[in-house]
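Novice: below: sequence and its predicted model.
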Amino acid sequence: MSYTTQQLLEILDQELRAAWKGERVLLSSTQRINNSVLAKALGSEKLSKVFVFQDFREQIHQYQQTHGVSGIVWHTCNFRDRSIRFPELHPQLVAVPGDKEALMAAKGAVLDFWRASITGMQLWLAGASPQSTTLAHVESLIQQAEWAEVDATRTELYLSLCWGHPKECYCSWAQPESGCERIIAAIAEPSSIKV
């Protein structure tokens, strides 16, 4: 019997805490950085903490792939008087076969929630300086997206329209194969929260 997604997350959390307490040591950590000045500046203790956890997380990812353990967790978004629960890839795990399909299957429900929640709000394309946009433009982006995610603050609703590889969609280097367009719905101009 293999571990569950939740058990893997608990194991990762335990290992991260152990690494930061110095209970896990990687003796070759300074050899992993090609810049000796940087390695010396950071120190072997800090480098060891980072690399030992990265190595352990890579083992967890291999375990997921070997045993088909999903990287999907369920996220609940509450905004105004509405609530939705939908799947998303946990940032510490990888997608296994079937995970992307689960994300894609939830797209309609996520978009229904978003559309019902943005009445009276202005739309903005997220970025270094958010740009005002129209619902028609967002609808065209929706058609191109493979899956959608939402998140909220008390006054703003964030829509992420994603495609490609779920683990890489938030990385700018992965474009155009993978990516994510982010839309901010706000009463006026969006806050300075980074999305």
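Specialist: Yep, it's here.

Novice: following the chain past the helix-or-strand element of the chain with minimal mean pLDDT, name the next helix or strand.
Specialist: In the chain, the helix or strand scored least confidently by mean pLDDT, DSSP states H and E is helix 36-42, which has a mean of 57. Next helix or strand after helix 36-42 toward the C-terminus (DSSP states H and E): helix 44-67.

Novice: ok, now which ones touch residue 184?
Specialist: 123, 124, 125, 126, 130, 156, 157, 158, 159, 190, 195 (C-beta atoms under 8 Å, 6 or more residues apart in numbering). Every C-beta, even on glycine, is put in place using the N, C-alpha and C of the backbone.

Novice: wait, the second one touches residue 132, no?
Specialist: Yes - using C-beta atoms under 8 Å as the test, residue 124 is close enough to residue 132 to be in contact (5.9 Å).

Novice: quick one: which of the two has more around it?
Specialist: For residue 124 versus residue 132, the count of surrounding residues by other C-beta atoms under 10 Å is larger for residue 124: 22 against 11.

Novice: check that one and give its pLDDT.
Specialist: Note on residue 124: pLDDT of 96.

Novice: for the helix or strand where it lies, packing partners?
Specialist: Residue 124 belongs to strand 122-125 when assigned by DSSP H and E. Judged by 3 or more C-beta pairs under 8 Å, 6 or more residues apart in numbering; DSSP states H and E, strand 122-125 is in contact with strand 131-133, strand 179-186.

Novice: need the next SSE after the first one, C-terminal direction.
Specialist: Downstream of strand 131-133, the next assigned helix or strand under DSSP H and E is helix 135-144.

Novice: single out the most deeply packed of the helices and strands packed on strand 122-125.
Specialist: strand 179-186 (a mean of 21; mean count of other C-beta atoms under 10 Å).

Novice: got the angle between that one and helix 135-144?
Specialist: Note on geometry: by axes from the mean of the first three to the mean of the last three C-alpha atoms, to 10 degrees, strand 179-186 and helix 135-144 are set 150 degrees apart in direction.

Novice: quick thing: my sequence starts at 321, can you match it?
Specialist: Done: numbering now begins at 321, and the last item shifts to strand 499-506.

Novice: okay, now the sheet partners of strand 499-506, with direction.
Specialist: strand 442-445 (antiparallel), strand 477-483 (antiparallel) (DSSP bridges).

Novice: quick one: closest of those to residue 436.
Specialist: Across the strands paired with strand 499-506, residue 436 has its closest neighbour in strand 477-483 (10.5 Å, C-beta to C-beta).
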